[in-house]
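>>> Provided below are the primary sequence and the corresponding predicted coordinates.
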Amino acid sequence: MNAPSARRVGQAELRAFLFDRLGLRGSFWPAADAAAALPGLGMVQIDSIRVTGLRNQELAWLARADAPPSAFYDLLYRQGMMLETHYPLFATRRDWLAHLWVGFADMPERWRAERKEFRPVMRRVLRHIHEHGPATAADFAAERVPGGFNTVKATTKALEFLFTDRVLQIAGRTPHFHRAFDLTARVAPELAAWRRPPAADYRRFVVDSALAVLKVGTAEQIAQRAAIHHGQWRGQVLKPMRAVVDRLLPEIARAVTVADLPGEPVYWYGAADEAGWESAARAVASPVRIVPPLDNLMFSRKRFSALFGFDYKFEAYTPVADRRFYFALPLVQDDDVIGLVDACTRDGRWELVGLELRRPPDLDRLRAAIHRLADVAGAGKVTATSGLGRAERRALVGKVGR
């Protein structure tokens, strides 16, 4: 897509703009401001993996906010500033739900035949929630059926079907991170009388929302993200999303040409983010940030590769013999991604099991970032395997907070 009148920027300026808009530049959000800032991300991906002692969404929160993960869950499940959607699993802006439900609304028809056999279980689950309040699949005895990575409880499937019917919503998580479901009328009453929005409004929404979570991207990167918001379970959606994006971007977005990237690609951003260019032009002091694998920064891996010069792969599901890291966390320093760190918690220790540095780090700031996460994870000491260099080991290893 051509944008002949687009302003010209450099790669470094584009990176600074991206970090600024994603809340990854400058000081951490003060606790008092975090509630207002969080919905600006549009979505935060929810994941259960806790190898570092912290889950993806908790790490994403700590990369931005000077507040504990409990504050994130309070905003999500108690204050209801965002709502967790089921597929994919995101904490999502509430004002987006009516449009996102276009994709969810197609699920019942897709699963019509399978749903019939679960109707007795669905009735039993719904009756229990009506009478006793929020419930998880663990609250019910049920046979196991095909689903997930292998099998799931029949009640899990029943809860999923009731979610796509807009009868139930995810109302919280248990200490073991099981989803707790409650009645839509109690959790998100605005969805109880949902009606499909006009097609033109919906098409604009998928482009606007993709821009809102990416903050800046090429037309192809935005189309790939819009396809996720539209619902990849619906079949081949990328091609029609490309057509929608190509038609709407010139109307609803602004363009920049990146002069020092190969081919001078055009990147697009939303008008609401215009102030980011002024912010990006100012030098600011920033802590080193440790970003999780499923952070908004990583929502387009192709963009990540183009802007930071290396490919990132989430290897948690890669066979052990074929992977370098398990839960590699990008390190953000001075408007750049300077490397990756992999860590796990063991017996009260936060153990660095891998460190790959692509740029020289500020070891004092890197130590502060690592020890901050170790402290929140409940570790008393940071240790490391033999893979660290002498300088890194001396700077990073030791009792937390010392």
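Structure received.
>>> tell me how far the ends of stretch 85-104 are from each other?
10 Å (CA to CA, to the nearest Å).
>>> Likewise for stretch 193-206?
Where stretch 193-206 begins and where it ends lie 21 Å apart, using CA to CA.
>>> Could you list the residues in contact with it?
96, 98-99, 101-102, 105, 166, 226, 229-230, 241, 244, 248, 252 (CB atoms under 8 Å, 6 or more residues apart in numbering). In this view, the C-beta of every residue, glycine as well, is placed from N, C-alpha and C.
>>> Show the contacting residues for the spatially closest residue to Lys399 that is not a sequence neighbour.
Take Lys399 and drop its neighbours on the chain: the residue closest to it by CB to CB, 6 or more residues apart in numbering is Lys381, 5.3 Å away. Neighbouring residues of Lys381 by CB under 8 Å, 6+ apart: 348-350, 374, 398-400.
>>> which residues does Lys381 bridge with?
Bridge pairing for Lys381 (DSSP bridges) gives the partners Arg349, Lys399.
>>> Mind giving me the PyMOL select for the contacts of stretch 193-206, buried ones only?
Here is the PyMOL selection string for the buried members of the contacts of stretch 193-206, based on 16 or more other CB atoms under 10 Å:
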select buried, resi 96+98+99+101+102+166+226+229+230+241+244+248
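>>> Quick check: which of the contacts of stretch 193-206 has the minimum pLDDT.
Ranked by pLDDT, these bottom out at Ala105, which has 81.
>>> if I pick that residue, what's in contact with it?
164, 194, 196.
>>> just for the stretch 301-402 of the chain, where's the confidence low?
386, 402 (pLDDT under 70).
>>> Alpha carbons of the helix or strand encompassing Arg394, as PDB, please.
Assigned by DSSP states H and E, Arg394 belongs to helix 390-396. The C-alpha coordinates for helix 390-396 follow below in PDB (Å, rounded to 0.1, in the frame of the first residue of the first chain):
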ATOM      1  CA  ARG A 390      32.100 -13.600  34.800                       C
ATOM      2  CA  ALA A 391      31.000  -9.900  34.700                       C
ATOM      3  CA  GLU A 392      27.300 -10.900  34.300                       C
ATOM      4  CA  ARG A 393      27.500 -13.500  37.100                       C
ATOM      5  CA  ARG A 394      29.200 -11.000  39.500                       C
ATOM      6  CA  ALA A 395      26.600  -8.300  38.700                       C
ATOM      7  CA  LEU A 396      23.400 -10.400  38.600                       C
END
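>>> packing partners for that helix?
Contacts defined by 3 or more CB pairs under 8 Å, 6 or more residues apart in numbering; DSSP states H and E place helix 390-396 against strand 349-357, helix 363-376, strand 381-384.
>>> Tell me the gap between the shortest one and the middle of its chain.
By that I understand strand 381-384. Distance of strand 381-384 from the chain centroid (CA atoms, centre = their mean, to the nearest Å) equals 27 Å.
>>> What would that strand look like as CSV? C-alpha coordinates only.
In CSV, the C-alpha atoms belonging to strand 381-384 read as follows (Å, rounded to 0.1, in the frame of the first residue of the first chain):
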residue,chain,number,x,y,z
LYS,A,381,18.2,-15.4,45.9
VAL,A,382,19.2,-15.1,42.2
THR,A,383,21.4,-17.9,41.0
ALA,A,384,22.6,-18.9,37.5
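>>> picking that back up, a markdown table for the contacts of stretch 193-206, including secondary structure and distance to Gly42?
Below are the contacts of stretch 193-206 laid out as a markdown table (DSSP: H, G, I helix; E, B strand; the rest coil; distance: CB to CB, whole Å):
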| residue | secondary structure | distance to Gly42 |
| --- | --- | --- |
| Trp96 | helix | 7 |
| Ala98 | helix | 15 |
| His99 | helix | 12 |
| Trp101 | helix | 16 |
| Val102 | helix | 17 |
| Ala105 | helix | 20 |
| Arg166 | coil | 21 |
| Ala226 | helix | 12 |
| His229 | helix | 9 |
| His230 | helix | 15 |
| Met241 | helix | 17 |
| Val244 | helix | 18 |
| Leu248 | helix | 17 |
| Ile252 | helix | 15 |
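>>> hang on, the earlier thing: which among the helices and strands packed on helix 390-396 is found nearest to Ala32?
Proximity to Ala32 (CB to CB) singles out helix 363-376 among the helices and strands packed on helix 390-396, at 19.0 Å.
>>> Specify the angle between that closest one and strand 349-357 in degrees.
150 degrees (axes from the mean of the first three to the mean of the last three CA atoms, to 10 degrees).
>>> For helix 363-376, name the packing helices and strands.
helix 56-62, strand 289-290, strand 337-346, strand 349-357, strand 381-384, helix 390-396.
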